[in-house]
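Enquirer: here is a sequence together with a model predicted from it:
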Amino acid sequence: MNILKRMTAETFGTFWLVLGGTGSAVLAAGFPSLGIGFVGVSLAFGLTVLTGAYALGHISGGHFNPAVTIGLTVGRRFPAKEVVPYIVAQVIGAIIASAVLAYIASGKPGFDLVASGFAANGFGEHSPGQYSQAAAFVTEVVLTFVFLIVILGSTDKRAPAGFAPIAIGLALTLIHLISIPVTNTSVNPARSTGPALFVGDWALQQLWLFWVAPIVGAVIAGVVYPFMTEEK
């Protein structure tokens, strides 16, 4: 596939991830008597990645995440010259999804996008559990590292074929079960950027952490996985 087609797939895949994941948090998590809670939100994020990877993985590889693109590049699975186009496509998809979600959510009387938090990622007073900046940083680094190890391992040519999206989707579900109380879970800079642009203020001020920490975790995984698995 040419780069434009693959960028389109990455845009749509990231759109689906952000719409499905943050949409579940904004629209359904706290709905009276029928709210899906943070377990439901965790499943929503996992299901978007699983379905998106099966639908679009054969076109673009199904990254839907700048940290994944960078980690795969460090792990020598993806060409460095295509990193920037992929990241641009992913961020565009996240912004479009956030715009659509903002429009839908605003259709409810009394909805205040900024006051709701709009599923933005944060630390300190903006962490769901009031966790510190240091705790948030370590959480995002470690969980992105694990996420990339799962991705690199399940897509390895030596792994059973056809099951990677299941492993990746379940891993993302587990990651959310662990870290929603800490940061609202990022492990994906594009996912963090979309809602932050609409919330503004504190969400934009804290956005740096949700770019730096996931990329650090992804880079470490890109170095560690080949070290663990390469045969002499």
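Expert: Yep, that arrived.

Enquirer: residue nearest the centroid of the chain?
Expert: Computing the C-alpha centroid of the chain and ranking residues by Cα atoms, centre = their mean puts residue 188 first, at 3.5 Å.

Enquirer: quick one: the closest residue in space to that one that isn't next to it in sequence from residue 88, how far?
Expert: Closest residue to residue 188 in three dimensions, ignoring its sequence neighbours and counting by Cβ to Cβ, 6 or more residues apart in numbering: residue 65, at 4.3 Å. Where you see a C-beta, it was placed from the backbone N, CA and C, and this is true even at glycine. Per Cβ to Cβ, to the nearest Å, residue 65 is found 13 Å from residue 88.

Enquirer: quick check: buried residues in the lowest-mean-pLDDT helix or strand in the chain?
Expert: Scoring the helices and strands of the chain by mean pLDDT, DSSP states H and E places helix 113-116 at the bottom, with a mean of 91. Within helix 113-116, the residues scored as buried using 16 or more other Cβ atoms under 10 Å are residue 113.

Enquirer: still on that earlier bit, so between residue 65 and residue 88, which is more surrounded?
Expert: For residue 65 versus residue 88, the count of surrounding residues by other Cβ atoms under 10 Å is larger for residue 65: 32 against 15.

Enquirer: ok, now which ones touch that one?
Expert: 14, 17, 90, 187-191, 214 (Cβ atoms under 8 Å, 6 or more residues apart in numbering).

Enquirer: can you lay out the residues you listed as CSV showing distance to residue 58, pLDDT and secondary structure?
Expert: Shown next, in CSV, are the contacts of residue 65 (distance: Cβ to Cβ, whole Å; pLDDT from 0 to 100; DSSP: H, G, I helix; E, B strand; the rest coil):
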residue, distance to residue 58, pLDDT, secondary structure
14, 17, 98, helix
17, 17, 97, helix
90, 18, 98, helix
187, 24, 97, coil
188, 21, 98, coil
189, 24, 98, helix
190, 21, 98, helix
191, 23, 97, helix
214, 25, 98, helix
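
Enquirer: any idea which of the residues you listed is the one closest to residue 26?
Expert: Nearest to residue 26 among these: residue 191, at 12.9 Å, using Cβ to Cβ.

Enquirer: show me the contacts for the closest residue to that closest one other than its chain neighbours.
Expert: Excluding the flanking residues, the one nearest residue 191 by Cβ to Cβ, 6+ apart is residue 18, at 5.5 Å. Counting by Cβ under 8 Å, 6+ apart, residue 18 touches 93-94, 97-98, 101, 190-191, 194-195.

Enquirer: in this protein, where is pLDDT below threshold?
Expert: Scanning the chain for pLDDT under 70 picks out 32-34, 231-232.

Enquirer: for it, which segments count as helices?
Expert: Ranges of helices in the chain, per DSSP state H, are 3-23, 37-60, 66-74, 83-105, 113-116, 133-154, 164-183, 189-199, 201-205, 209-229.

Enquirer: show me the one of these that comes nearest residue 126.
Expert: Here helix 201-205 is closest among the helices of the chain (Cβ to Cβ), at 5.5 Å.

Enquirer: go through that closest one and flag the buried ones.
Expert: Those buried within helix 201-205 under the rule 16+ other Cβ under 10 Å are 202-203.

Enquirer: what about it, distance to the chain center?
Expert: Mean-position distance between helix 201-205 and its chain equals 18 Å (Cα atoms, centre = their mean, to the nearest Å).

Enquirer: show residues contacting it.
Expert: With Cβ under 8 Å, 6+ apart as the test, helix 201-205 has contacts from 114, 117-118, 120-122, 126, 195-197.
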